[in-house]
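>>> Take this sequence and fold it.
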Amino acid sequence: MTPKLAARGHRAPSNGGSEQPVTVLVTRRVKEGREGEFEAFLERLREEAAKYAGYQGVTIIPPPAPSREYVVVYRFDSADHLRAWQTSQARRSLIAESTELAEAAPEQRELFGTDGWFAVPGGRVVRPPARWKTYLLSLCAIYPILTVMVIVAQPLLAYLPLAARFAVITPVLTALMTWIAMPVLSRLFARWLYR
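Residues are numbered from 1 along each chain as shown. Next comes the predicted model:
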């Protein structure tokens, strides 16, 4: 798989709706010898999805040999925006074109909010990675973010009691983890997480 295929496809969240983000996990087993054509199809699919409101990005995890099962993870900022993409004529046409490239129809699962942090399938069974891996990756994200936030917030919030300071810091930390840190780290460390 070409590196550009997995690396492209991130866009800042749009302001559509107040619902929580939706992560969709799709697995599809490609026919032997059709991998190159399937990767070109995935690139066209990514480009088309990026035109829709609420699109937040696509990560493509190529199969480890000898498997031919691709994992595609894409995110929209709300269920409404996801439905608009899923029911679009453009998507239906692309999926129909890909029928001859794969052994079966795509299998997919939707996850909402923080459920999508780590729940990427490894093979046919949708399952999160090992807990020790999620712990380490979460720690690598939380520690620097929390440290910087406390240092920056201390002079601004010193007049508040400790519990009130945490009431201000915690929602900001959670938002940064959900929409920035974990999507980026999960994409960067995908091969390690789901090995």
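
>>> pLDDT score for residue 116?
Listed pLDDT for residue 116 reads 50.

>>> Tell me where the model's unsure across the chain.
Applying pLDDT under 70 to the chain flags the ranges 1-19, 109-129, 194.

>>> Who are the packing partners of the lengthiest helix in the chain?
In the chain, with assignment by DSSP state H, the single longest helix is helix 131-157. Contacts defined by 3 or more CB pairs under 8 Å, 6 or more residues apart in numbering; DSSP states H and E place helix 131-157 against helix 162-176, helix 182-188, helix 190-193. The way it works is simple: take the backbone N, C-alpha and C, and place the C-beta from them, glycine included.

>>> Let me know which of these is the nearest to residue 34.
Residue 34 sits nearest to helix 190-193 of all the helices and strands packed on helix 131-157, at 22.4 Å, using CB to CB.

>>> How far off centre is stretch 28-46?
Mean-position distance between stretch 28-46 and its chain equals 19 Å (CA atoms, centre = their mean, to the nearest Å).

>>> for it, which positions count as buried?
28-30, 34-35, 38-39, 41-43, 45-46 (16 or more other CB atoms under 10 Å).

>>> Same check on stretch 73-89?
Neighbour-count burial for stretch 73-89, with 16+ other CB under 10 Å as criterion, is recorded at 73-79, 81-82, 84-86.

>>> repeat for stretch 86-102
86, 91, 94, 98, 101-102.

>>> Could you tell me the end-to-end distance of it?
Terminal residues of stretch 86-102 are spaced 19 Å apart (CA to CA, to the nearest Å).

>>> Run the chain-centre distance for it.
With CA atoms, centre = their mean as the basis, stretch 86-102 stands 21 Å off its chain's centre.

>>> List the contacts of residue 33.
Residues near residue 33 by CB atoms under 8 Å, 6 or more residues apart in numbering: none.

>>> Would it be right to say that it lies in a helix?
No - looking at residue 33 with DSSP: H, G, I helix; E, B strand; the rest coil, it is coil, so not inside a helix.

>>> now the longest helix of the chain against helix 162-176, angle please.
Put simply, helix 131-157 runs at 130 degrees to helix 162-176, going by axes from the mean of the first three to the mean of the last three CA atoms, to 10 degrees.

>>> rewinding a little: residue 185: which of the buried residues of stretch 28-46 is nearest?
Nearest member of the buried residues of stretch 28-46 to residue 185, counting by CB to CB, is residue 46, at 20.4 Å.

>>> Go ahead and produce CSV holding the CA coordinates of the helix or strand that that closest one is a member of.
Under the criterion of DSSP states H and E, residue 46 resides in helix 35-49. The C-alpha coordinates for helix 35-49 follow below in CSV (Å, rounded to 0.1, in the frame of the first residue of the first chain):
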residue,chain,number,x,y,z
GLU,A,35,-5.1,-5.0,-4.1
GLY,A,36,-3.8,-2.2,-6.2
GLU,A,37,-7.2,-1.5,-7.7
PHE,A,38,-8.8,-1.7,-4.3
GLU,A,39,-6.3,0.9,-2.9
ALA,A,40,-7.2,3.2,-5.9
PHE,A,41,-10.9,2.7,-5.0
LEU,A,42,-10.2,3.6,-1.3
GLU,A,43,-8.5,6.8,-2.4
ARG,A,44,-11.5,7.8,-4.6
LEU,A,45,-13.8,7.0,-1.7
ARG,A,46,-11.7,9.1,0.7
GLU,A,47,-11.7,12.0,-1.7
GLU,A,48,-15.5,11.9,-2.1
ALA,A,49,-16.2,11.6,1.6
